[in-house]
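In: What would the 3D arrangement of this be:
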Amino acid sequence: MSWDGFEAPLKARLRLFVIGVLVFSLLCTLFGRLWYMQVMSSADYTQAATAQHIRQVLIPAPRGTIVDSQGRTLVGNRVSLMITVDRSVLAKLPDSQQNVVLTRLAKVLGQKPADLKARTMLCGEPGASKPPACWNGTPYQPIPVAKDVSEQVAIDVMERREDFPGIAADSQTLRAYPEPYKVNAAHILGYLSPITTEELEDMDKAGQDSVPHRSDLVGRAGVERSYDKLLRGTPGEKDVIVDAVGYTTGIKKQTAPVPGATLVTTIDARIQASVEAQLKNAIMTARKQTDPVTHKKYVADSGAAVVMDTKTGRVVAMASYPTYDPGVWVGGITQRELDALYSAKSGTPLVSRALQAQLAPGSTFKPITTSAALSAGYSTKTRLDCSSYFEVGNRRFKNYESASYGMIGFDRALALSCDTFFYRVAYALWLKEGGNSSDISTYDPLVEMAKKFGLGKPTGIDLPGEATGRIADRQWKKTYYDSMKDYYCKLSANPPSGTSAFLKQFAREFCVDGYKYRAGDAVNFAIGQGDTTVTPLQLATVYSALSNGGTLFEPRVVQSWVGANGKPHEIKPAVKAKLPVAKNTLRYIDTALKQTTVSGTAAWKFQGFPLDKIPVRAKTGTAEVYGKQTTSWLASYTDRYAVVMMISQAGTGSGAGGDAVRKIYETLYNIKPAPPPGQEKPKQ
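Out: As a prediction, this is how the structure comes out:
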């Protein structure tokens, strides 16, 4: 037998041996791995397997209630049956099938399919509405599309799961507004909407943990926003055990949620309701009156009123018109509803005129001018001519609310609201402090006093979105000139057809030397005209300081909060500054302003009011605005309260707001209104 005959079987046996070794090695490896997993890693895999059957569920914390100073609920909570749409489930369906499901649901809910679809779209995606009409929460959270549905609607949806994939009915807690005394207070209270992913990411980067979950609603305005962290509370956690199918079989552990704090506001619902009603009535009445200048009905497009406790700076009531129903945000808002809130045609109801309306204060500014003048060399014995007009260059500045009264002092000038008296003061101080000097650092006693009274900057109120107002001094005028020079020079060179003669002349003068602070700017500043603006809230703080002897407070609308443990926490009044005005000067101004309601510009509105028992100090203001009707101001105070009312395009200060302010005082002091003439009860 040849060698080749033995070689083939030998190779075969060698291959079998190698294969056997490999198989044995693989078996050893497999058994070794099984032993490691079952013995060495048993605890780890047991824990992992258990975790697959545990689901963590958040238990929402009841949001804190908001009450007035007497404990009446302004904002609470209620349970609502809602319909939600889960986008993650709908996304698995073809687009055509998604539209079928939403159309079917819209029919059940009595909504338009387009409106329903808009509420399920994420903010920012193509075709989405503006927030918050779109969904600005997480796409993994069920989106509420209908609130307060009937039980029958919920049953129809839940029993037809095959027709409504991703649609569910669920009970949720919503904000409720009991409206004691039919109070609105929308601009004070604010509203809620879902937190966005971007906000969560920003909070994570900042190391904040006050928003623990994507499903949370957060405050967007008013005290709901300012005190959001206190109101939100802390959600509870529940670890539920589920089987392989996903059914709950038990609860492993559970922590209860911590309810949000109860906010006690400074608002008195009884006073707030009166202020809201009187402001609206004053606006409706003004719209029926004829403007003697334009010979048209007053527009009276908006207004605001503020009542402050002058001893503490706390806001007792604050109203803005037009307003809106705060309940419109509850459970989501439609694009149509949102458009109405932002609509100029409806008066942009979302804007709080008390905090954000910036208008020329008119003659209500004159107590500040008086304070500055008496600190800059003038005295209570000063007498100046209250003529019918005052000439500056070739321009005549006229009185608006008063005629010629001859030589008078500051006290009568305040009571009669004599413009020309204050023109003379301002012009003399303007000449003394530099006149036409282009030096923006030139000292101006009127400007400095306005700043000391807190104008030109926020009051510091504990509400978001407050406007600063503006002090139109030399610095502001130079800044404004630099930003607008090119525009007005172009307008001067090539005025469009239809440009008024006034605007053409203004453009020419502005282009040449619009940076200069002229005599006309100074005299306008002294009576609250021109480019200086204030908010109604700022003016309320000014008159509160006049009332309390010179303390300028930071206004507050929340006075305390009560935690879940029942412990109260007081928010103490905050003093912003002390007025640099002598006490005898403040007393002099106080005495002068008393005469406004006795024999001055507001006397005709306070006839029959018990001024001997409750002296009301007041200053009327009629601010002229180019291209518009005059703005009505009435700023007033007693020893305890300051009341300021502003109505845009409504006429004179006392004419538009006099009756309303008087009735607010009657509510504050529980005074029964005097009967109309001829209807008095006969004496017994």
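In: Looking at the lengthiest helix in the chain now, give me its mean pLDDT.
Out: The longest helix of the chain (DSSP state H) is helix 3-35. Helix 3-35 shows a mean pLDDT of 71.
In: where in this structure is pLDDT low?
Out: Within the chain, the ranges that satisfy pLDDT under 70 run 1-11, 36-53, 55-58, 137-140, 197, 207-215, 240, 242-250, 400-402, 674-684.
In: Could you tell me whether residue 577 really is in a strand?
Out: Yes. Read with DSSP: H, G, I helix; E, B strand; the rest coil, residue 577 is one of the residues of a strand.
In: Can you point out the helix or strand that includes residue 479?
Out: Residue 479 belongs to helix 474-493 when assigned by DSSP states H and E.
In: helix or strand right after that helix?
Out: Assigned by DSSP H and E, the successor of helix 474-493 is helix 501-513.
In: Whichever helix or strand comes after that next one packs against which elements?
Out: Once helix 501-513 ends, the next helix or strand along the chain (criterion: DSSP H and E) is helix 519-526. Secondary-structure packing of helix 519-526 (3 or more CB pairs under 8 Å, 6 or more residues apart in numbering; DSSP states H and E): strand 389-392, strand 395-398, helix 419-432, helix 445-452. Backbone N, C-alpha and C define where each C-beta goes, glycine included.
In: if you compare the ones you listed, which one is most tucked away?
Out: Comparing the helices and strands packed on helix 519-526 by mean neighbour count (mean count of other CB atoms under 10 Å), helix 419-432 ranks first with a mean of 23.
In: Please state the offset of it from the chain centre?
Out: Taking the mean of its C-alpha atoms, helix 419-432 sits 38 Å from the chain's own mean (CA atoms, centre = their mean, to the nearest Å).
In: just the angle between it and helix 445-452, please?
Out: Per axes from the mean of the first three to the mean of the last three CA atoms, to 10 degrees, the angle that helix 419-432 makes with helix 445-452 is 100 degrees.
In: how about helix 419-432 as PDB, C-alpha atoms only?
Out: Extracted in PDB, the C-alpha atoms of helix 419-432 (Å, rounded to 0.1, in the frame of the first residue of the first chain):
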ATOM      1  CA  ASP A 419     -50.500 126.500  32.800                       C
ATOM      2  CA  THR A 420     -49.000 129.900  32.200                       C
ATOM      3  CA  PHE A 421     -47.900 130.200  35.900                       C
ATOM      4  CA  PHE A 422     -45.800 127.100  35.500                       C
ATOM      5  CA  TYR A 423     -44.600 128.200  32.000                       C
ATOM      6  CA  ARG A 424     -43.000 131.200  33.600                       C
ATOM      7  CA  VAL A 425     -41.400 129.100  36.300                       C
ATOM      8  CA  ALA A 426     -39.900 126.700  33.800                       C
ATOM      9  CA  TYR A 427     -38.700 129.300  31.400                       C
ATOM     10  CA  ALA A 428     -36.900 131.200  34.100                       C
ATOM     11  CA  LEU A 429     -35.200 128.000  35.400                       C
ATOM     12  CA  TRP A 430     -34.300 127.000  31.800                       C
ATOM     13  CA  LEU A 431     -32.500 130.400  31.300                       C
ATOM     14  CA  LYS A 432     -30.800 130.100  34.600                       C
END
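In: My understanding was that residue 603 contacts residue 596; is that so?
Out: Yes. Between residue 603 and residue 596 there is a contact under CB atoms under 8 Å: 7.3 Å.
In: out of those two, which sits in the more crowded spot?
Out: Neighbour count, other CB atoms under 10 Å: between residue 603 and residue 596, residue 596 has more, with 26 against 17.
In: element containing the closest residue to that one other than its chain neighbours?
Out: Nearest residue to residue 596, sequence neighbours excluded (CB to CB, 6 or more residues apart in numbering): residue 618, at 4.4 Å. In the assignment (DSSP H and E), residue 618 maps to strand 617-623.
In: Remind me what that strand packs against, helices and strands.
Out: helix 536-548, helix 583-598, strand 631-637, helix 653-668.
In: of all the ones you listed, which lies closest to residue 369?
Out: Residue 369 sits nearest to helix 583-598 of all the helices and strands packed on strand 617-623, at 10.5 Å, using CB to CB.
In: So which elements touch the closest one?
Out: Secondary-structure packing of helix 583-598 (3+ CB pairs under 8 Å, 6+ apart): helix 366-374, helix 410-416, helix 536-548, strand 617-623.
In: Out of those, which is the most enclosed?
Out: Most buried of these, by mean neighbour count (mean count of other CB under 10 Å): strand 617-623, with a mean of 29.
In: how far out from the middle of the chain is the longest helix of the chain?
Out: 83 Å.
In: returning to what we had before: what strands flank the strand holding residue 618, and is each parallel or antiparallel?
Out: According to DSSP bridges, strand 617-623 forms sheet pairs with strand 631-637 (antiparallel).
In: tell me the angle of the helix or strand that comes right after the strand it pairs with relative to helix 536-548?
Out: Per DSSP H and E, the first helix or strand lying C-terminal to strand 631-637 is strand 641-648. On the basis of the same axes, to 10 degrees, strand 641-648 is oriented at 150 degrees to helix 536-548.
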